[in-house]
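1. I would like the atomic coordinates for the input below:
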Amino acid sequence: MSLPGYRQGGPAAQNVYGRKAGSIPSFKYSDALKGAKFTWDQNSLDRWLTNTESVVPDNDMDFHVPKADERADIIEYLRVSSGQWAGWSESILTGRQDGR
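-> You can find the predicted model right below:
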């Protein structure tokens, strides 16, 4: 996974949530991923992080995240870094527990 402004072997993770898979023109995807017909969301990201081959057979990625809680944290990071704040409470966004 990449942080904004930092890439190491893959397309930038920023704005991946809600983006069509294999759609960054400047990145050299495998033919399998270039032909993918889905958008990255909670379900597709969870399946991808569990087993990339189950989502896009013959892709060039070889990794997995076996722990569900770690996948959930990664997906939440990707969602929020993509500007998708729906479902977050004010206390989470501000760090305040008092509702002010």
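2. tell me the contacts of the residue positioned nearest the centre of the chain?
-> The chain has Leu78 as the residue nearest its centroid, 4.7 Å off, counting by C-alpha atoms, centre = their mean. Residues near Leu78 by C-beta atoms under 8 Å, 6 or more residues apart in numbering: Met1, Ala13, Val16, Tyr17, Trp40, Leu45. In this view, the C-beta of every residue, glycine as well, is placed from N, C-alpha and C.
3. out of these, which are buried?
-> Buried members of the contacts of Leu78, scored by 16 or more other C-beta atoms under 10 Å, are Ala13, Val16, Tyr17, Trp40, Leu45.
4. so which of those residues are in helices?
-> Leu45 (DSSP state H).
5. closest one of the buried ones among the contacts of Leu78 to Asn51?
-> Leu45 (12.2 Å; C-beta to C-beta).
6. please name the residues that touch that closest one.
-> Val16, Tyr17, Arg71, Ile74, Ile75, Leu78.
7. C-alpha coordinates for the helix or strand hosting the residue nearest to the centre of the chain, PDB please?
-> Assigned by DSSP states H and E, Leu78 belongs to helix 68-81. Taking Å, rounded to 0.1, in the frame of the first residue of the first chain, the C-alpha atoms of helix 68-81 are listed here in PDB:
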ATOM      1  CA  ALA A  68      -9.900  -9.500   9.400                       C
ATOM      2  CA  ASP A  69      -9.300  -6.600  11.900                       C
ATOM      3  CA  GLU A  70      -6.200  -5.500  10.000                       C
ATOM      4  CA  ARG A  71      -8.100  -5.700   6.700                       C
ATOM      5  CA  ALA A  72     -10.800  -3.500   8.200                       C
ATOM      6  CA  ASP A  73      -8.300  -1.000   9.400                       C
ATOM      7  CA  ILE A  74      -6.700  -0.800   6.000                       C
ATOM      8  CA  ILE A  75     -10.000  -0.500   4.200                       C
ATOM      9  CA  GLU A  76     -11.100   2.300   6.600                       C
ATOM     10  CA  TYR A  77      -7.800   4.200   5.900                       C
ATOM     11  CA  LEU A  78      -8.400   3.800   2.200                       C
ATOM     12  CA  ARG A  79     -12.000   5.000   2.500                       C
ATOM     13  CA  VAL A  80     -11.100   8.000   4.600                       C
ATOM     14  CA  SER A  81      -8.000   9.000   2.500                       C
END
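8. I am finished for the moment; much appreciated.
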